[in-house]
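Novice: Mind looking at a prediction? Sequence and model below.
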Amino acid sequence: MNALVESRHLEFRRNRKTELSVVIPLYNEYEVIPMMYERLTAVLASLAIPYELVLVDDGSRDGTPTTMSRLADADPNVTAVFLSRNFGKEAALTAGLDHATGDAVIIMDADLQDPPELIPEMLKAWKAGVDVVCMRRRSRSGESWFKRYSAHRYYRVLNAISDVDIPTDTGDFRLLSRKAVNALKQLNERNRYMKGLFAWIGLPTTIIEYDRMPRAAGVTKWDYLSLFNLAFEGITSFSTAPLRLAMGGGLLTALFGILFTLWIVIKALFLGDPVQGYPSLISMITILGGVQLLSIGLLGEYIGKTYYETKQRPVYLVRDVMRRGKSANETAP
Ligand code: UDP
Ligand code: MG
């Protein structure tokens, strides 16, 4: 009898259209999951709309996958996507967006730095008719001044040189309408700099300001090197300005070389000053060599990007998906 009631209940759920999906990428977030789940479901349940929670395990090496399957077993609103290994946050987000079925999709971090209590406000903005609700950090507590300062400067530089307008001080925390998600799905590039992709699609956008909380538990997955890499990735994915900069640098060095040569010739012909080769030669060679290597390296960066794109590998690989307590062993996204 109970099984019958349960299956009816499931059937009923299946027929309801999911209105809101919340996508959360998780990488070794074992400690925060219970807290996150509790706070999030409290907010979502109060909305009284059909929702789903899409948790994406990005190849965690701690108890994250087991905790996720337990949640997916117990709660029919939880969809758990397990990637085959750690692909990085951007890929995990892409996987989450691909598996989300809601009319609106909210993306947030697992660590409660993005407060779930803002969800009703985001939904209200979406219902007012925009496709993207961007969350802008008014403050970032719990982060070092260096991180704050560099993030602040970085967005400004990126905006100045890139082809798209990326709103400053916004992270990945945002709401996307179905239209925006479908638009994002069409961008199937492998180098996924999400903030840039979000900006590229355009569509009507509003910005809501909020205070960024410190991490609820666990540690950040980013060290300065990976942040630098992400920053560099952002610039090279959305702008060819560095190439032009290299060209400008080359032009300047060439100009300097010509002037320097002229000066040596004039000195030798008119002032009778015999050319003293060695020091000037060495300095010219090292300067030129440095500039050339730098430019070639930069060029290589773009060529490398092209190389990765031409391989057309999938952005991520799914190991398993659990939906309404059932595992569907998928092998490809
Ligand atoms: N994350 C991920 N894959 C990774 C690194 C991070 O899915 O390779 C997730 C992580 O679990 C968290 C979100 O991305 O939900 C943001 O990570 P974190 O809080 O460490 O970054 P920060 O807030 O310090 O920038
Ligand atoms: Mg965080």
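Specialist: Yes, it's here. It should be emphasised that the depicted structure is a prediction, and the values quoted were computed from it without experimental measurement. Ligands and ions are numbered 1, 2, ... in the order given.
Novice: now the strands for the chain?
Specialist: Secondary structure of the chain (DSSP state E): strands at 20-26, 51-57, 78-83, 104-107, 132-140, 170-177, 205-212, 318-323, 326-328.
Novice: Pipe these into TSV and attach mean neighbour count and mean pLDDT per row.
Specialist: Just so you know, the C-beta spots here come from the backbone N, C-alpha and C atoms, and that holds for glycine as well. Below are the strands of the chain laid out as TSV (neighbours: other CB atoms under 10 Å; pLDDT from 0 to 100):
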stretch	mean neighbour count	mean pLDDT
strand 20-26	26	94
strand 51-57	26	93
strand 78-83	25	93
strand 104-107	26	94
strand 132-140	20	83
strand 170-177	22	89
strand 205-212	16	85
strand 318-323	18	89
strand 326-328	11	75
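Novice: interface residues of the stretch 1-150 of the chain facing ligand 1?
Specialist: By the rule CB under 6 Å from any ligand atom, the part of the stretch 1-150 of the chain lying against ligand 1 is 25-27, 29, 58, 86, 88-89, 92, 109-111, 113.
Novice: Pull the most distant pair out of those residues.
Specialist: Using CB to CB, those reach their maximum pairwise distance at N86 and Q113, which is 20.1 Å.
Novice: what's the most centrally placed residue in the chain in contact with, if anything?
Specialist: For the chain, the residue nearest the mean C-alpha position is M194 (3.8 Å; CA atoms, centre = their mean). Residues in contact with M194 (CB atoms under 8 Å, 6 or more residues apart in numbering) are 89-90, 93, 172.
Novice: And for A199?
Specialist: Neighbour list for A199: 164-167 [criterion: CB under 8 Å, 6+ apart].
Novice: in this protein, which helix or strand is least confident?
Specialist: The weakest-scoring helix or strand in the chain, judged by mean pLDDT, DSSP states H and E, is helix 2-15 (a mean of 56).
Novice: one step back: so can I have a markdown table of the strands of the chain showing distance to ligand 2?
Specialist: Shown next, in a markdown table, are the strands of the chain (distance: least, CB to the ion, whole Å):
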| stretch | distance to ligand 2 |
| --- | --- |
| strand 20-26 | 11 |
| strand 51-57 | 15 |
| strand 78-83 | 19 |
| strand 104-107 | 13 |
| strand 132-140 | 10 |
| strand 170-177 | 9 |
| strand 205-212 | 9 |
| strand 318-323 | 24 |
| strand 326-328 | 29 |
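Novice: and the spatially closest residue to L299 that is not a sequence neighbour, what pLDDT?
Specialist: For L299, ignoring the flanking residues on the chain, the nearest one in space by CB to CB, 6 or more residues apart in numbering is L243 at 7.0 Å. L243 is assigned 83 on the pLDDT scale.
Novice: which residues does the nearest residue to S177 once chain neighbours are set aside contact?
Specialist: With sequence-adjacent residues excluded and distances taken as CB to CB, 6+ apart, S177 is closest to D131, at 4.2 Å. By CB under 8 Å, 6+ apart, D131 lies in contact with 176-177, 179-180, 203-205.
Novice: What score does D131 have for pLDDT?
Specialist: pLDDT at D131 comes out at 92.
Novice: ok, now how distant is it from K179?
Specialist: As judged by CB to CB, to the nearest Å, D131 and K179 stand 5 Å apart.
Novice: joint contacts of the two?
Specialist: Common contacts of D131 and K179, defined by CB under 8 Å, 6+ apart, comprise L203.
Novice: Low-confidence stretches in the chain?
Specialist: For the chain, the stretches flagged by pLDDT under 70 are 1-16, 140-143, 216-217, 221, 274-275, 279, 329-333.
Novice: Point me to the residue sitting farthest from the middle of it.
Specialist: Of all residues in the chain (CA atoms, centre = their mean), G272 lies farthest out, 62.8 Å.
Novice: That one and A91: what is the separation?
Specialist: To A91, G272 is 68 Å away according to CB to CB.
Novice: again with K311
Specialist: 15 Å.
Novice: now swap in I287 and tell me
Specialist: Computed as CB to CB, the I287 to A91 distance reads 41 Å.
Novice: just the helices in the stretch 151-300 of the chain please.
Specialist: Under the criterion DSSP state H, counting those that start in this stretch, the stretch 151-300 of the chain carries helices at the ranges 178-186, 194-201, 224-238, 241-270, 277-311.
Novice: Highest mean neighbour count out of the ones you listed?
Specialist: Comparing the helices of the stretch 151-300 of the chain by mean neighbour count (mean count of other CB atoms under 10 Å), helix 194-201 ranks first with a mean of 21.
Novice: Can you check what angle separates that helix from strand 205-212?
Specialist: Put simply, helix 194-201 runs at 160 degrees to strand 205-212, going by axes from the mean of the first three to the mean of the last three CA atoms, to 10 degrees.
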